[in-house]
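1. got a sequence here, can you model it:
(one chain, ligands or ions: 1)
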Amino acid sequence: MKTTSRRDFLKLITASAGALTAGMLAPQVLSRPLPDNRHPNILIILMDAFSGSHLSLAGYPRPTTPHIDRFAEQAHVYHNHYAPANFTTPGTASLLTGTHPWTHRALHVAGVVRKDLIPRNVFNLLGDNYHRAAFSQNNYADVLLNQFTASLDDLLPPSMFGVIDPSLGDSFVSQNDHNALRRAVNDINMTRRPFTGLPTLTLIKELIVRSQIDGVSRAQKDSYPLGLPGVGGSPIAFLNENVYDGLMDLTDAMPSPFAAYFHLFSPHDPYRPRKEFIDAFKDDRYTPVRKPNHPHFSLGVSQAVMDLRRREYDEFILNVDAEFGRLHNHLQKTGIMDTSYVILMSDHGEMFERGYYGHSTEMLYEDVIRTPLIIHAPKQTQRLDAYDATSNIDLLPTLMTIAGKPIPAWAEGRVLPGFGSQDSARTIFAMDSRTNSAFTALTSGSFAVIREGLKMIRYQYPKIGVSQELYDLKNDPEELIDLAASKPATLKDLAHELDEALAKTNAPYQRKEQ
Ligand SMILES: [Zn+2]
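-> Sure, this is the predicted structure:
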């Protein structure tokens with residue numbers, strides 16, 4: 001990471017962080033030069049675990065996203081958009097590197113991008129024409145951003161805009177050790193292994209921070225009766241209104257042209273909206289489509305519990321949508337909408353069906369891999385709808401086009417419809433390979449192949465062998481009728497396409513293993 005010379009920017013974010021911790025934010029707007037035509041700003045707002053199926057504009061029966069719908073009225077809207085993975089680490093690595101998980105190899109919860117591929121990140125490719133800033137409340141995405149520090153002007157800590165700033169590890173480790181320490185802490189949080197040495201100090205600090213958070217949480221009980229939104233496994237809790245206030249200050253202060261990636265944790269669980277959104281959909285008589293339990297991966301969660309969790313998620317989305325509406329208003333008022341590409345997206349979805357809720361699953365049904373993608377171009381006044389299947393790996397080549405840069409030959413995505421490409425016969429892949437080593441050929445995992453409205457899901461695990469499903473998404477968008485037995489030729493065709501892609505990506509690893 002370069003030492004930034006933008007002292008005003010740093011001064012502002014430091015002041016904001018302090019003010020937020022104290023519970024009051026001083027209004028402070030610095031002068032910001034307008035970007036030239038060749039380099040409009042790029043502002044990416046990622047909302048973690050936001051299923052594309054739950055947007056009102058996608059036809060969801062609940063009015064979850066009135067403000068996002070308004071934003072979409074002046075934007076490109078991608079209706080069949082997919083994340084290449086079903087959880088944060090591989091999903092985020094894919095959108096930042098423009099490659100599938102089987103290429104970048106951040107396959108696991110605490111995974112990282114293959115070392116030799118680190119320079120192939122979007123910040124590096126955009127180059128120093130831009131002030132490049134990144135922020136993730138999600139520690140696993142922050143680990144990836146830490147891999148890209150050489151290409152970032154500012155990397156803000158996950159605790160920024162949280163109710164307490166623990167500055168995890170910052171006080172006693174160097175930047176070089178920072179990543180390793182974060183991973184160690186994540187590892188311990190995941191596995192509950194006994195720990196020794198340096199992480200012990202961190203955990204003591206974490207305990208202190210957690211007790212401070214408990215204090216703030218009690219003080220906020222009236223506004224947040226379910227508790228404060230927070231990041232599971234991390235000593236981070238926050239008020240979404242403070243997070244979005246912080247983003248407004250950042251966008252005001254960043255030197256132009258900027259390319260900013262803000263990875264926001266909500267609406268990821270725990271679903272804890274402010275009190276005015278709780279029970280918003282309680283008696284709305286919406287009955288989600290009933291689906292059978294999955295024979296291998298259902299956790300046996302009852303329909304009543306799945307429906308309740310879905311409602312809580314939808315009410316949290318309603319809260320996040322209101323905050324996004326405030327940000328949208330601010331960007332309009334300050335003219336940033338006129339000078340910037342503003343991109344709303346997610347790293348993966350969330351599902352409430354088949355005896356399961358959440359996204360840490362082997363299953364790859366639509367709700368867990370279909371995600372929102374809405375892109376406002378500078379001064380765009382009309383809505384443009386795209387129905388071709390698209391993927392988060394398309395973000396990188398699209399941003400290269402926007403920035404007037406060449407698209408590298410290794411990029412695995414395409415330029416998005418509306419920015420260059422049009423290809424309805426294109427194949428989309430999504431996968432979950434957390435049971436596979438990151439250093440060997442892929443032999444186990446779940447894989448989805450989507451082409452021209454048809455979708456194959458292959459589950460390939462030692463305990464079940466190989467199991468494949470086939471759905472016609474055009475006529476059966478809820479994936480209720482498995483056509484694997486009745487349409488063997490179609491199944492074979494999509495399976496062959498997956499086999500070819502796997503053979504290609506596995507070849508270098510198999511040569512090494514021989
Ligand atoms: Zn995520």
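2. tell me who's in contact with residue 142.
-> Counting by Cβ atoms under 8 Å, 6 or more residues apart in numbering, residue 142 makes contact with 136, 157, 158, 182, 263. Every residue, glycine included, has its C-beta placed from N, CA and C.
3. what residues are up against the nearest residue in space to the last one that is not next to it in sequence?
-> If I follow you right, that is residue 263. What sits nearest to residue 263 in space, not counting adjacent residues and going by Cβ to Cβ, 6 or more residues apart in numbering, is residue 136, at 3.6 Å. Contact analysis of residue 136 by Cβ under 8 Å, 6+ apart lists 92, 142, 145, 158, 261, 262, 263.
4. now residue 216
-> Residue 216 neighbours (Cβ under 8 Å, 6+ apart): 163, 164, 228, 237.
5. where does the closest residue to the first one other than its chain neighbours sit, in terms of helix or strand?
-> The shortest distance from residue 163 to any residue that is not its chain neighbour, by Cβ to Cβ, 6+ apart, is 4.3 Å, and that residue is residue 216. Counting by DSSP states H and E, the secondary-structure element that holds residue 216 is helix 198-219.
6. residue 42 too?
-> strand 41-47.
7. note down every partner strand of that strand and its orientation.
-> Strand 41-47 pairs in its sheet with strand 258-264 (parallel), strand 340-345 (parallel), by DSSP bridges.
8. how far away is the closest residue to residue 52 other than its chain neighbours from residue 223?
-> Take residue 52 and drop its neighbours on the chain: the residue closest to it by Cβ to Cβ, 6+ apart is residue 370, 4.1 Å away. Distance from residue 370 to residue 223, counting by Cβ to Cβ, to the nearest Å: 32 Å.
9. neighbour count for these two, which is higher?
-> Set side by side, residue 370 and residue 223 show more neighbours around residue 370, with 26 against 12, by other Cβ atoms under 10 Å.
10. quick one: contacts for that one?
-> Residues near residue 370 by Cβ under 8 Å, 6+ apart: 51, 52, 53, 80, 81, 82, 83, 349.
11. and with 6 Å instead?
-> The contact partners of residue 370, by Cβ atoms under 6 Å, 6 or more residues apart in numbering, come to 52, 82, 349.
12. neighbours of the first one, just the number please.
-> Residue 52 has 24 neighbours, counted by other Cβ under 10 Å.
13. what's around the nearest residue to residue 355 once chain neighbours are set aside, how many residues?
-> Once flanking residues are discounted, residue 355 sits nearest to residue 298: 3.2 Å by Cβ to Cβ, 6+ apart. Neighbour count for residue 298, taken as other Cβ under 10 Å: 16.
14. repeat that for residue 221.
-> Other residues close to residue 221 by other Cβ under 10 Å number 12.
15. just the pLDDT for it.
-> In this model, residue 221 is scored at 92, pLDDT.
16. same check, this time on residue 143
-> On the pLDDT scale, residue 143 gets 96.
17. wouldn't residue 88 be in contact with residue 140 here?
-> Yes: between residue 88 and residue 140 there is a contact under Cβ atoms under 6 Å: 4.8 Å.
18. follow-up on the earlier one: and the helix holding residue 216, how far from the chain's centre?
-> Put simply, helix 198-219 sits 26 Å off its chain's centre (Cα atoms, centre = their mean, to the nearest Å).
19. state the next helix or strand along the chain beyond it.
-> strand 230-231.
20. show residues contacting that next one.
-> Residues outside strand 230-231 that contact it (Cβ under 6 Å, 6+ apart): 137, 236, 237, 265.
21. rerun at 8 Å
-> Against strand 230-231 from outside (Cβ under 8 Å, 6+ apart): 137, 138, 139, 158, 213, 236, 237, 238, 265, 268, 270, 272.
22. hang on, isn't residue 280 packed against residue 318?
-> Yes: here residue 280 lies in contact with residue 318, judged by Cβ atoms under 8 Å, at a distance of 5.5 Å.
23. re the thing from before, contact partners for the residue nearest to residue 355?
-> Contacts of residue 298 by Cβ under 8 Å, 6+ apart are 354, 355, 356.
24. wait, which of these is closest to the ion?
-> Proximity of the contacts of residue 298 to the ion was ranked by Cβ to the ion; the top entry is residue 356 with 16.6 Å.
25. returning to that earlier point: quick check: phi and psi at the residue nearest to residue 355.
-> phi -70, psi 140 (degrees, to the nearest 10).
26. need the pLDDT of it.
-> So residue 298 comes in at 96 (pLDDT).
27. any chance you could map the strands in the stretch 151-300 of the chain?
-> In the stretch 151-300 of the chain, the segments counted as strands under DSSP state E, counting those that start in this stretch are 154-156, 230-231, 236-237, 258-264.
28. same list (these) but as TSV, adding mean pLDDT.
-> Formatted as TSV, those follow (pLDDT from 0 to 100):
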stretch	mean pLDDT
strand 154-156	95
strand 230-231	92
strand 236-237	90
strand 258-264	98
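29. spit out the contact partners of residue 462.
-> For residue 462, the contacting residues are residue 444, by Cβ under 8 Å, 6+ apart.
30. which residues are there in the chain that come within reach of the ion?
-> 48, 49, 88, 347 (Cβ under 5 Å from the ion).
31. go ahead and confirm residue 64 touches residue 321.
-> Yes: between residue 64 and residue 321 there is a contact at 6.5 Å, judged by Cβ under 8 Å.
32. what number of residues lie near the residue in the stretch 151-300 of the chain that the ion sits nearest to?
-> Going by Cβ to the ion, the ion is nearest to residue 268 of the stretch 151-300 of the chain, at 6.0 Å. By other Cβ under 10 Å, the residues close to residue 268 number 27.
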